[in-house]
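Participant: What follows is a predicted protein model with its sequence.
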Amino acid sequence: MRSQDTWTFGWQSLSRYKLRTLLLLIAISIGVTSVLILTSFGEGARLFIKQEFSNLGNEMMIILPGKKETTGGSIPIYGTSARDLTINDAIALEQISSIEKVAPIIAGNSLISYQGKSREVITLGSSTDIFSVRNLNVAQGRIFKYSAKDNSTAVCVIGATIKKELFGNNQAVGEWVRFSGQKFRVIGVLEERGESLGLDMREMVIIPLKTAESLFNSPALFRILLQLNKTGSEQYTEQKIIELIKRRHDGEDDVTIISQNSLMSSLNNILTMVTASIAAIAAISLIVAGFLIMNVTYISVAKRKQEIGILKAIGASAHQVQVIFLSEALILVTIGVFIGIAFAYAFIHVVGLLWPQFPIAIPMWATLASSTLAFLIGLLFAWLPAKSAAKLDPVLALRGQ
């Protein structure tokens, strides 16, 4: 019996039982589709986190005051710094050769008001480098050009939401607003941009660092953002930062350093594991489809005993009979996989159109894994009924026994 005859015979058998074939195709395609759709959401979350980190700037590091240490069992107790981070600490960091830009930040809440309208806003005091480090651009006006060393003036760059609420459709650049009673001139409005790791720059105001020090009456820095000038220099830079801080803080290593790449790598590993776990759970539906294939194939063997007897009577071997039933399962799985993949990609395309801000995508490994698993399950669960058919005695099979 030629291979072509085997496949033709299998296809004709499936065509005779249209309802049974349709139900099996639905089961297989649902299994494949569920794996792909669920993994696409996990992959979308991973890409979204990666996109959020890219919005922070390239090769960024964050220095926080205080050494984070965990002591006493499983409950984290965070230590406090012997001294605060200061503007002079930030200026000293500029000496490290691998650091390209330093953006010290003083943060606080203040009341901004304009012509009877007012609201509380998060105010960030920093140098001009914050716009480069955080990839911030202005839609109107300009940014300020003051460094951490400069005695700055009362100017501000406001977020898009602040501009809309206080000024509406009117021009904001050049107008004067009040921060907790002090007058500031608006010189720029930030570009419209969504949240980035929990910080919504649309609702924030940026002012020069020395001005923030005076406004909040505090020289202590909230944190320091660093932009490195070359890839792969995180370890070197971290070591140099620790050495410099120790010299300036009486030998105390009292800062916490967060590397953007290491944090992104950790989150990426976690989300990859979560996506794989979701795929494994979704694969249960393929196993259910496999049991359905096995049960239906057993029923098919029981109903086609005389057909099997005729095949054996005209010379078909046990192996050929087994191959016939396996080929039927393979045809079913192949069509079901293609239907499942097509439906999943169509669904993802529609979701991408309706929700463009979330980068949902089907990873290639999920497509390959779900297809391979579907074929393995289909052949495995069809093998036992096919083997049972191959063992039938041709004489008894012709009698339907």
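Facilitator: On my side now, so go ahead.
Participant: which residues touch residue 187?
Facilitator: 141, 142, 143, 144, 155, 156, 157, 173, 174 (CB atoms under 8 Å, 6 or more residues apart in numbering). All C-beta atoms are positioned from the backbone trio N, CA, C, and that covers glycine.
Participant: Quick one: neighbours of the third one, just the number.
Facilitator: Residue 143 is surrounded by 18 other residues when neighbours are defined as other CB atoms under 10 Å.
Participant: helix/strand/coil for it?
Facilitator: Reduced to three states with DSSP: H, G, I helix; E, B strand; the rest coil, the structure at residue 143 is coil.
Participant: contacting residues around the residue lying closest to it once chain neighbours are set aside?
Facilitator: Leaving out its chain neighbours, the residue that sits closest to residue 143 by CB to CB, 6 or more residues apart in numbering is residue 131, at 5.0 Å. Residues near residue 131 by CB under 8 Å, 6+ apart: 137, 143, 206.
Participant: could you point out the longest helix in the protein?
Facilitator: helix 18-56 (DSSP state H).
Participant: And the strands in the stretch 101-250 of the chain?
Facilitator: Secondary structure of the stretch 101-250 of the chain by DSSP state E, counting those that start in this stretch: the strands cover 117-126, 138-141, 155-158, 176-179, 182-190, 204-208, 223-228.
Participant: picking that back up, mean confidence for the longest helix of the chain?
Facilitator: Average pLDDT, helix 18-56: 78.
Participant: what do you get for stretch 94-109?
Facilitator: 90.
Participant: Only the buried residues of that stretch, if you could.
Facilitator: Neighbour-count burial for stretch 94-109, counted by 16 or more other CB atoms under 10 Å, picks out 96, 98, 99, 100, 101, 102, 103, 104, 105, 106, 107, 108.
Participant: now those as a markdown table including distance to residue 66?
Facilitator: Compiled in a markdown table, the buried residues of stretch 94-109 are given as follows (distance: CB to CB, whole Å):
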| residue | distance to residue 66 |
| --- | --- |
| 96 | 21 |
| 98 | 24 |
| 99 | 21 |
| 100 | 25 |
| 101 | 23 |
| 102 | 19 |
| 103 | 19 |
| 104 | 16 |
| 105 | 15 |
| 106 | 16 |
| 107 | 15 |
| 108 | 18 |
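Participant: which of those sit farthest apart?
Facilitator: Greatest spacing in the buried residues of stretch 94-109, by CB to CB: 98 and 108 (30.6 Å).
Participant: shaky segments in the stretch 201-350 of the chain?
Facilitator: For the stretch 201-350 of the chain, the stretches flagged by pLDDT under 70 are 231-232, 261, 296-319, 321-322.
Participant: in it, which spans are helices?
Facilitator: In the stretch 201-350 of the chain, the helices defined using DSSP state H, counting those that start in this stretch lie at 209-216, 234-248, 260-282, 284-303, 305-313, 318-354.
Participant: In this structure residue 172 contacts residue 156, no?
Facilitator: No - taking CB atoms under 8 Å as the definition, residue 172 is not a contact partner of residue 156, at 10.2 Å.
Participant: list residues touching both of the two?
Facilitator: Contact criterion CB under 8 Å, 6+ apart; residues shared by residue 172 and residue 156: residue 186.
Participant: what about residue 274, how many residues close to it?
Facilitator: By the criterion of other CB under 10 Å, residue 274 has 13 neighbours.
Participant: Chain neighbours aside, what residue packs nearest to it?
Facilitator: Excluding the flanking residues, the one nearest residue 274 by CB to CB, 6+ apart is residue 42, at 5.7 Å.
Participant: Against residue 275, how distant is that neighbour?
Facilitator: From residue 42 across to residue 275, the span is 3 Å (CB to CB, to the nearest Å).
Participant: same question, residue 19
Facilitator: From residue 19 to residue 275 the distance is 36 Å (CB to CB).
Participant: One more: residue 202?
Facilitator: From residue 202 across to residue 275, the span is 31 Å (CB to CB).
Participant: about what we covered before: for the contacts of residue 131, could you give me CSV that also reports distance to residue 178?
Facilitator: CSV is the format used below for those (distance: CB to CB, whole Å):
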residue, distance to residue 178
137, 26
143, 21
206, 17
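Participant: Grab the most central residue of the chain for me.
Facilitator: The geometric centre of the chain, computed from its C-alpha atoms, lies nearest to residue 46 (CA atoms, centre = their mean), at 1.5 Å.
Participant: any idea of the pLDDT on the residue nearest to residue 143?
Facilitator: 89.
Participant: What of residue 150?
Facilitator: Residue 150 is assigned 83 on the pLDDT scale.
Participant: So residue 210 sits against residue 154, correct?
Facilitator: No - the pair residue 210 and residue 154 fails to qualify as a contact (CB under 8 Å) at a distance of 10.6 Å.
Participant: between those two, who's got more neighbours?
Facilitator: Each of residue 210 and residue 154 has its neighbours counted (other CB under 10 Å); residue 210 has more, 21 against 17.
Participant: ok, now which ones touch the more buried one?
Facilitator: Residues in contact with residue 210 (CB under 8 Å, 6+ apart) are 87, 125, 146, 148, 150, 151, 152.
Participant: Which of those residues are buried? Put it as a ChimeraX command.
Facilitator: Here is the ChimeraX command that selects the buried residues among the contacts of residue 210 (16+ other CB under 10 Å):
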select :87,125,146,148,152
